[in-house]
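Undergrad: Show me how the following folds:
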Amino acid sequence: MTPAADWLLPDWPAPARVKACVTTRAGGVSLPPFDTFNLGDHVEDDLQAVTQNRQRLSALIECPPAWLRQVHGVVVADANPAIVAEADASWTVQTGVACAVLTADCLPVLFCDRAGTRVAAAHAGWRGLAGGVLEATLAALAVPASEVLVWLGPAIGPRAFEVGGEVRDVFLTDHPQAVSAFVPSVNAGRFMADIYALARLRLAACGVTAVYGGGFCTVTDPRFYSYRRAARTGRFASLVWLD
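TA: Residues are numbered from 1 along each chain as shown. So this is what the prediction gives:
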């Protein structure tokens, strides 16, 4: 892999054959407001530009991504570059196939096992997170929770993610301890939500404690696309694969 200079490389103790990266806005051919490395083909960007950006990504990581049609659900697909599955996560034991998710404020979550035999990527907006997309991804990996490593990629930060009380209630129904991830907003009846804390709580409830990453904010960090910052915008990718 020859990552672009400003791409993120996860800071997790994954086995050497597990490769992962997060793209940024820079280095592509898309015009404003998608400038420049938009990888989303559903955001009204010129499809020829998106295709060029995706081809450049494949060349840089030296393997094809398995793109998904993400719907804020909990379906986990077998990663297959030849099929655009309707799913919000994918996993694989094959070498040379990248599990990929596209985001612009939602939480991208990368998984691998300690043995380096399988990887997965999940797209976790609040609906998918509350619905159980992380739990479904863990189930697809089919290894003991103690053998799983997780990295939380760039998402909307806790100072930017304002939600209504109904969102808080959804999380508290299954996990009352999630109350700690919500702080009352200055706006009555609303809360500032920490999506990273919510993900860690749900992973911990499954027995996964080796969780890394977090601490980003796509809204305030101009390296990343943010739907909350600008509704007409692109998508960046978080990818993981076996070398």
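
Undergrad: Excluding residues flanking it in the chain, which one is nearest Ile156?
TA: Leaving aside its sequence neighbours, Ile156 sits nearest to Asp105 (C-beta to C-beta, 6 or more residues apart in numbering; 4.2 Å). All C-beta spots, glycine's among them, are computed from the backbone N, C-alpha and C.

Undergrad: Distance check, the one you found against Glu166.
TA: Per C-beta to C-beta, to the nearest Å, Asp105 is found 19 Å from Glu166.

Undergrad: neighbour count winner among the two?
TA: Using other C-beta atoms under 10 Å, the more surrounded residue of Asp105 and Glu166 is Asp105, with 23 against 8.

Undergrad: that's a strand at that one, yeah?
TA: No - read with DSSP: H, G, I helix; E, B strand; the rest coil, Asp105 is coil and lies in no strand.

Undergrad: Apart from its neighbours in sequence, what residue is nearest Arg54?
TA: Using C-beta to C-beta, 6+ apart and skipping residues adjacent in sequence, the residue nearest Arg54 is Leu39, 5.9 Å away.

Undergrad: Now for the one you found, how many residues are close by?
TA: Using other C-beta under 10 Å: Leu39 sits among 25 other residues.

Undergrad: in this protein, which spans are helices?
TA: 47-61, 126-131, 133-141, 165-174, 195-205 (DSSP state H).

Undergrad: what distance separates the start and the end of stretch 94-107?
TA: Start-to-end span of stretch 94-107 (C-alpha to C-alpha, to the nearest Å) is 24 Å.

Undergrad: residues of that stretch that come out buried?
TA: Residues of stretch 94-107 classed as buried: 97-107 (neighbour count, 16 or more other C-beta atoms under 10 Å).

Undergrad: and that stretch, average pLDDT?
TA: Mean pLDDT, computed over stretch 94-107, is 98.

Undergrad: change the start of the numbering to 506 and stick with it
TA: All right, first residue 506 from here; so that's stretch 599-612.

Undergrad: how far out from the middle of the chain is it?
TA: Centre-to-centre, stretch 599-612 and its host chain are 7 Å apart (C-alpha atoms, centre = their mean, to the nearest Å).

Undergrad: Tell me which residues of stretch 739-748 come out buried.
TA: Quick answer for stretch 739-748 (16+ other C-beta under 10 Å): 739-747.

Undergrad: What degree of burial does the residue nearest to Pro727 when sequence neighbours are not counted show, as a neighbour count?
TA: Spatial nearest neighbour of Pro727, excluding adjacent residues (C-beta to C-beta, 6+ apart): Arg530 at 7.5 Å. For Arg530, the neighbour count with other C-beta under 10 Å is 21.

Undergrad: again, but for Val691
TA: Neighbours around Val691, by other C-beta under 10 Å: 7.

Undergrad: now do the one 10 residues further on
TA: Tyr701 has 22 neighbouring residues, counting by other C-beta under 10 Å.

Undergrad: Against Leu607, how distant is Arg632?
TA: From Arg632 across to Leu607, the span is 16 Å (C-beta to C-beta).

Undergrad: and if you look at Val579?
TA: Here the criterion is C-beta to C-beta. By it, Val579 lies 17 Å from Leu607.

Undergrad: what's the answer for Tyr730, then?
TA: As judged by C-beta to C-beta, Tyr730 and Leu607 stand 9 Å apart.

Undergrad: Which neighbours do those two have in common?
TA: Among the neighbours of Tyr730, those also in contact with Leu607 (C-beta atoms under 8 Å, 6 or more residues apart in numbering) are 740-741.
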